[in-house]
Every structure is written in C-alpha cells, then in structure tokens.
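**Student:** How does the following fold in three dimensions:
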Amino acid sequence: MAKKFPTIRIKSHFIYTVWEISHLLGCHKKTVIRWIRHQGLTADTSVKPWLIEGHELKAFIGARQSKARCKLALHHCYCFGCKSPREPDGKIADYTHQTTSSGQLIGLCPSCGSLMHKIVKRKDLESIRAKIEVTLQQAHPRIVSRDDPPSNVTFGDEAAPHGKAQHR
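**Tutor:** Residues are numbered from 1 along each chain as shown. Prediction:
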C-alpha cells in the first residue's frame with residue numbers, strides 16, 4: 001500500500017529539487033525520480049538538478065492519495081488481499097462491541113477467503129443487518145471491578161518490611 005505523504009509541508013510557490021522533495025516527504029530520492037519518469041510528475045529535466053514546482057508536486061501527491069481512497073457501502077468491508085471492497089461471503093459477518101458507540105465487523109472475503117475487518121458505529125448496525133446477517137459476539141473480558149474482590153491479603157500484627165530485611 002502506498003505511503004501517505006504530508007502535503008501540508010509542500011509550499012505551492014517554491015521550486016524543489018529531487019533531493020529536497022525526498023528530504024521533505026521522508027522518502028528515497030529514487031522514489032521521486034520514479035514519479036518523474038514513470039508516474040507523470042512534471043519536472044524540468046533539461047537542467048541539473050531537476051526542478052519541480054511546488055503546486056505540481058502538491059497536485060500529484062493529492063491525486064495519488066485520492067485515488068487510493070474508496071467509499072464503502074455500510075455492509076461492505078475492504079479486503080486487503082484483493083484490494084477492493086466486498087460483501088462478506090454468504091452475507092454473514094460477526095460484530096464485536098469495542099466501545100460504547102462502535103464495534104468491529106468481521107467477515108470472510110468471497111474471493112480469497114481472508115478475514116475482512118471494518119469498524120462500524122453501533123447505531124448503523126440495524127441498517128447493516130437489513131443487508132447481511134450479523135451475529136453479535138461476546139466482547140473480550142476486561143478487567144473490571146467486581147462486587148466481591150478476592151481476599152488473598154493476610155493482615156498480621158507485624159508488617160513485613162519491603163526490600164532488604166533490616167537487622168538490629
């Protein structure tokens with residue numbers, strides 16, 4: 001998956017070299033050269049070092065990142081194996097509560113069989129259940145305060161000192 005580069009660091013009115021872009025975005029200079037040669041980043045290659053305008057770089061990275069995003073339907077999960085949104089196999093998924101307002105939807109990909117995960121809001125669960133069959137799973141047990149805490153502490157007349165024993 002493509003790395004998300006911080007476009008806020010790029011100044012539109014600056015002119016950058018390949019080395020400056022690689023330092024600014026935290027990538028290798030060969031990555032920037034590959035963008036220029038094969039992926040359509042416009043640069044002035046008639047002079048050395050190659051010069052790239054800031055607004056061109058910002059538009060290029062913005063287009064790359066928006067191409068990587070996809071809007072999912074409520075009942076779809078994204079499969080990282082197939083790299084596409086899919087409906088769970090057999091229209092069956094499991095839902096596990098994680099917080100008071102959200103939980104995790106888990107289903108199998110119909111193409112490759114890998115697990116697909118999606119965080120969904122609890123209020124959207126009924127509209128998801130209208131499209132696919134959702135089984136509510138028990139949440140993982142957490143440490144909570146109990147009504148009768150275990151009493152494994154013994155209280156004696158003498159308190160044992162912490163650390164090394166002191167001799168008198």
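**Student:** can we go C-alpha only for contacts and neighbour counts from here?
**Tutor:** OK.
**Student:** following the lengthiest helix in the chain, which helix or strand comes up?
**Tutor:** Ranked by number of residues, the top helix in the chain under DSSP state H is helix 54-68. Where DSSP states H and E defines the elements, the next helix or strand beyond helix 54-68 is strand 77-79.
**Student:** Sheet partners, orientation included, of that following strand?
**Tutor:** Paired neighbours of strand 77-79 in the sheet (DSSP bridges): strand 84-86 (antiparallel).
**Student:** For the partner strand, buried residues please.
**Tutor:** Going by neighbour count (16 or more other Cα atoms under 10 Å), the buried part of strand 84-86 is 85-86.
**Student:** and the next helix or strand after that strand, which strands flank it?
**Tutor:** Next along the chain after strand 84-86, taking DSSP H and E as the criterion, comes strand 92-97. On the basis of DSSP bridges, the sheet neighbours of strand 92-97 come out as strand 102-108 (antiparallel), strand 133-137 (parallel).
**Student:** Let me have those strands in CSV, adding distance to residue 74, mean neighbour count and mean pLDDT as columns.
**Tutor:** Below are the strands paired with strand 92-97 laid out as CSV (distance: least, Cα to Cα, whole Å; neighbours: other Cα atoms under 10 Å; pLDDT from 0 to 100):
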stretch, distance to residue 74, mean neighbour count, mean pLDDT
strand 102-108, 10, 21, 87
strand 133-137, 13, 15, 83
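**Student:** can I get the ones you listed in JSON lines with distance to residue 60?
**Tutor:** Shown next, in JSON lines, are these (distance: least, Cα to Cα, whole Å):
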{"stretch": "strand 102-108", "distance to residue 60": "34"}
{"stretch": "strand 133-137", "distance to residue 60": "41"}
